[in-house]
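Engineer: coords please:
(chains A and B)
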Number of protein chains: 2
Amino acid sequence: MELIRWGIISLLLILTIETTSSSPSVIKMVPDKETPIAADGDSGRRRGLDLYCEGWRFTVETNDAGSWTQVPEKCVDFVKEYLAGDWYRLESEAVADSAVAFAKTAVGVSGNGKNAWVFDIDETLLSNVPYYADHGFGWVDLAVGPALSASLRLFNELQDLGFTVFLLTGRSEFQRNVTEINLRFAGFNNWERLILRGDGDQGKLASVYKSEKRKEIEDEGYIIRGNSGDQWSDLTGFAVAERSFKLPNPLYYIA
Amino acid sequence: MELIRWGIISLLLILTIETTSSSPSVIKMVPDKETPIAADGDSGRRRGLDLYCEGWRFTVETNDAGSWTQVPEKCVDFVKEYLAGDWYRLESEAVADSAVAFAKTAVGVSGNGKNAWVFDIDETLLSNVPYYADHGFGWVDLAVGPALSASLRLFNELQDLGFTVFLLTGRSEFQRNVTEINLRFAGFNNWERLILRGDGDQGKLASVYKSEKRKEIEDEGYIIRGNSGDQWSDLTGFAVAERSFKLPNPLYYIA
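Structural biologist: Predicted coordinates for the structure are as follows:
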């Protein structure tokens, strides 16, 4: 099983990803023959390529890198290790812990029943990593993406705390059914509204489309306390949440 | 020398840091007796505490953690390793590389001589890490903080590209002389203006004070293409730069 998982991620990582305003798409193959990650010596755990790739990942996760289009060839093994091991999972848990800690304080501030939280879906609630390689970016039609376990925990804790949960995704209206099926399959329930791109939203930058939809939520009287997403375009623009929670994603960038 | 450096950083890290609107201050000691970082085995470089601390650092650097006040006791050794080895340096280099790449494209867009770049100073241009322990936060009076080498390179490249460079720091006017001396000592020259907190800026949140000052720069006709800082409060608010560049800082948080 572990071998299969690594194989899938290997396949995934030799695909080069191009960002568009709505979703990433596969454009070409990159040869997978980079230098292996430097072996650990007796002293110092991080060296050479590892450090280079840690630096690359820092720029990606802080948005310093801006619109990046592919994992550097020499960091493919690094990203593979990141995704397949516990690292990605534990980093997502740390983000959920920050969000829960904030949510508990936010509830104390106001009990008017209008506390809202906005979640992105792909790589935020649902993980598509195991499916990219097999199905490219048509994976969502399968409706079997597993939950990111840390986000499922946060999702449930927020509902226990009385938050109204909105799901705001770059997916389009024609994917509504399959998206709902996948969310329920993965354990998500009782969201207030699932917002997908309608006809008028096509072609907009994600940051613009998502800001507009957050504004509509605010105009209904909700206070968007928190917002969780794996892309900075999930979190920035206008009508931003009181606190935004960036989840890791070293695989692709959406503007 | 290396031992001395580690010793200093060890001392630094057992200090707990409290954030204020203007600068951090030392408030109390934390016992330095946490569990050591898990040793590496034959398989898997990152495990146990290392992964916990990577997760913590992710939340700190993305601002998911919000206003945090101290390095978790069990991550003190982790942060020590981060600062003392090549990791911090190489991560800063990666940020500078992103900034230079963007600056080159920005120059192509406009040659009107009004391209500006705003730099924070502490932990952005100057590194105070070696001095915290000896002098607490009175270190700046010594005027001997070394340059962050990656930022010095960026600083010089930007001037070669024709950018007007502004320095915008949370330090106060009474520190102007010592700050200028330190900057020159570390190799920085030819900045357009050094902006420090005046009487009317005392007590403001850093994000508000810095936004106001950026707005003044814009009102003079400058286009702030880039902004480099180690705190999110250096980069966010209003009059934000076209692109912002977050440098790592796992030591303290300023709102």
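
Engineer: low-confidence regions, chain A specifically.
Structural biologist: Residue ranges of chain A with pLDDT under 70: A:1-48, A:109-111, A:130-142.

Engineer: ranges for the helices of it?
Structural biologist: A:2-13, A:48-61, A:76-84, A:87-109, A:129-135, A:149-160, A:176-185, A:206-219 (DSSP state H).

Engineer: turn those into a markdown table, including distance to residue B:87 and mean neighbour count.
Structural biologist: (C-beta placed from N, C-alpha, C; glycine too.) Shown next, in a markdown table, are the helices of chain A (distance: least, C-beta to C-beta, whole Å; neighbours: other C-beta atoms under 10 Å in any protein chain shown):
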| stretch | distance to residue B:87 | mean neighbour count |
| --- | --- | --- |
| helix A:2-13 | 23 | 15 |
| helix A:48-61 | 6 | 22 |
| helix A:76-84 | 14 | 20 |
| helix A:87-109 | 15 | 19 |
| helix A:129-135 | 26 | 17 |
| helix A:149-160 | 25 | 19 |
| helix A:176-185 | 38 | 16 |
| helix A:206-219 | 31 | 19 |
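
Engineer: those into TSV, with extra columns for distance to residue B:183?
Structural biologist: Listed next are the helices of chain A as TSV, based on distance: least, C-beta to C-beta, whole Å:
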stretch	distance to residue B:183
helix A:2-13	43
helix A:48-61	25
helix A:76-84	36
helix A:87-109	35
helix A:129-135	46
helix A:149-160	43
helix A:176-185	54
helix A:206-219	36
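
Engineer: need those helices in TSV with distance to chain B, can you?
Structural biologist: Converted to TSV, the helices of chain A look like this (distance: least, C-beta to the nearest C-beta, whole Å):
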stretch	distance to chain B
helix A:2-13	11
helix A:48-61	3
helix A:76-84	8
helix A:87-109	3
helix A:129-135	17
helix A:149-160	10
helix A:176-185	23
helix A:206-219	14
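
Engineer: so which of those helices comes closest to residue B:146?
Structural biologist: For the helices of chain A, the distance to residue B:146 is smallest for helix A:48-61, at 19.9 Å, taking C-beta to C-beta.

Engineer: chain center to the closest one, what's the gap?
Structural biologist: Chain-centre distance of helix A:48-61: 19 Å, with C-alpha atoms, centre = their mean, to the nearest Å.

Engineer: who's in contact with the lengthiest strand in chain A?
Structural biologist: Assignment by DSSP state E gives strand A:164-172 as the longest strand of chain A. Contact partners of strand A:164-172, identified using C-beta atoms under 8 Å, 6 or more residues apart in numbering or on different chains, comprise A:22-23, A:113-122, A:125, A:140, A:155, A:158-159, A:179, A:183, A:190-198, A:202, A:206, A:209-210, A:213-214, A:217, A:222, A:234, A:254.

Engineer: ok, stretch A:182-192 next?
Structural biologist: Taking C-beta under 8 Å, 6+ apart as the rule, stretch A:182-192 contacts A:116, A:119, A:121, A:125-126, A:140, A:142-147, A:152, A:155, A:159, A:164-167, A:194.

Engineer: of those, keep whichever come out buried.
Structural biologist: A:116, A:119, A:121, A:125-126, A:140, A:143, A:145-147, A:152, A:155, A:159, A:164-167, A:194 (16 or more other C-beta atoms under 10 Å in any protein chain shown).

Engineer: surely residue A:163 and residue A:119 touch.
Structural biologist: No - checked against C-beta atoms under 8 Å, the pair residue A:163 and residue A:119 is beyond contact range at 10.5 Å.

Engineer: what is the burial count for the closest residue to residue A:168 other than its chain neighbours?
Structural biologist: Take residue A:168 and drop its neighbours on the chain: the residue closest to it by C-beta to C-beta, 6 or more residues apart in numbering or on different chains is residue A:195, 4.7 Å away. Look at residue A:195: counted by other C-beta atoms under 10 Å in any protein chain shown, it has 21 neighbours.

Engineer: pretty sure residue A:195 sits against residue A:213.
Structural biologist: Yes - contact status for residue A:195 versus residue A:213: in contact at 5.2 Å, counting by C-beta under 8 Å.

Engineer: residue contacts, the one residue in the stretch 151-255 of chain A that gets nearest to chain B?
Structural biologist: Taking C-beta to the nearest C-beta, chain B has its nearest neighbour within the stretch 151-255 of chain A at residue A:246, 4.2 Å off. Residue A:246 makes contact with A:61, A:95, A:229, A:230, A:232, A:235, B:62, B:63, B:64 under the criterion C-beta under 8 Å, 6+ apart.

Engineer: pretty sure residue A:115 contacts residue A:225?
Structural biologist: Yes - using C-beta under 8 Å, residue A:115 is in contact with residue A:225, at 5.3 Å.

Engineer: neighbour count: those two, which is higher?
Structural biologist: Residue environment comparison for residue A:115 versus residue A:225 gives the larger neighbour count to residue A:225, 25 against 22, counting by other C-beta under 10 Å.

Engineer: nearest spatial neighbour of that one, chain-adjacent residues omitted?
Structural biologist: Counting by C-beta to C-beta, 6+ apart, the residue nearest residue A:225 is residue A:106, at 4.3 Å.

Engineer: ditto for residue A:227
Structural biologist: residue A:241 (3.6 Å).

Engineer: burial of the one you found, as a residue count?
Structural biologist: 19.

Engineer: residue contacts, it?
Structural biologist: Contacts for residue A:241 (C-beta under 8 Å, 6+ apart) come out as A:117, A:118, A:214, A:224, A:225, A:226, A:227, A:235.

Engineer: may I ask which two of these are separated the most?
Structural biologist: Largest separation among the contacts of residue A:241 by C-beta to C-beta: A:225 and A:235, giving 13.3 Å.

Engineer: with just CA atoms, put the longest strand of chain A into PDB.
Structural biologist: The C-alpha trace of strand A:164-172 is given here as PDB (Å, rounded to 0.1, in the frame of the first residue of the first chain):
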ATOM      1  CA  THR A 164     -22.100  28.600  10.100                       C
ATOM      2  CA  VAL A 165     -20.000  26.800   7.600                       C
ATOM      3  CA  PHE A 166     -19.700  27.900   3.900                       C
ATOM      4  CA  LEU A 167     -17.900  26.000   1.200                       C
ATOM      5  CA  LEU A 168     -16.400  28.200  -1.500                       C
ATOM      6  CA  THR A 169     -14.700  26.400  -4.400                       C
ATOM      7  CA  GLY A 170     -13.300  27.100  -7.800                       C
ATOM      8  CA  ARG A 171     -15.200  24.100  -9.100                       C
ATOM      9  CA  SER A 172     -18.100  24.900 -11.400                       C
END
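
Engineer: that strand versus helix A:176-185: what angle between them?
Structural biologist: If you take axes from the mean of the first three to the mean of the last three C-alpha atoms, to 10 degrees, strand A:164-172 sits at 130 degrees to helix A:176-185.

Engineer: partners of strand A:164-172 in the sheet?
Structural biologist: strand A:115-119 (parallel), strand A:193-197 (parallel) (DSSP bridges).

Engineer: would you turn the ones you listed into TSV with distance to residue A:173?
Structural biologist: Shown next, in TSV, are the strands paired with strand A:164-172 (distance: least, C-beta to C-beta, whole Å):
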stretch	distance to residue A:173
strand A:115-119	18
strand A:193-197	5
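
Engineer: so which of the ones you listed is nearest residue B:86?
Structural biologist: Ranking those by distance to residue B:86, with C-beta to C-beta as the measure, places strand A:115-119 first at 37.5 Å.

Engineer: tell me which residues are up against the closest one.
Structural biologist: A:103, A:106-107, A:125, A:151, A:155, A:158, A:161-168, A:191-192, A:214, A:217, A:222-229, A:241.

Engineer: check stretch A:193-200 too.
Structural biologist: A:22, A:166-173, A:175-176, A:179-180, A:183, A:204, A:209, A:213.

Engineer: chain center to it: distance?
Structural biologist: Offset of stretch A:193-200 from its chain centre (C-alpha atoms, centre = their mean): 18 Å.
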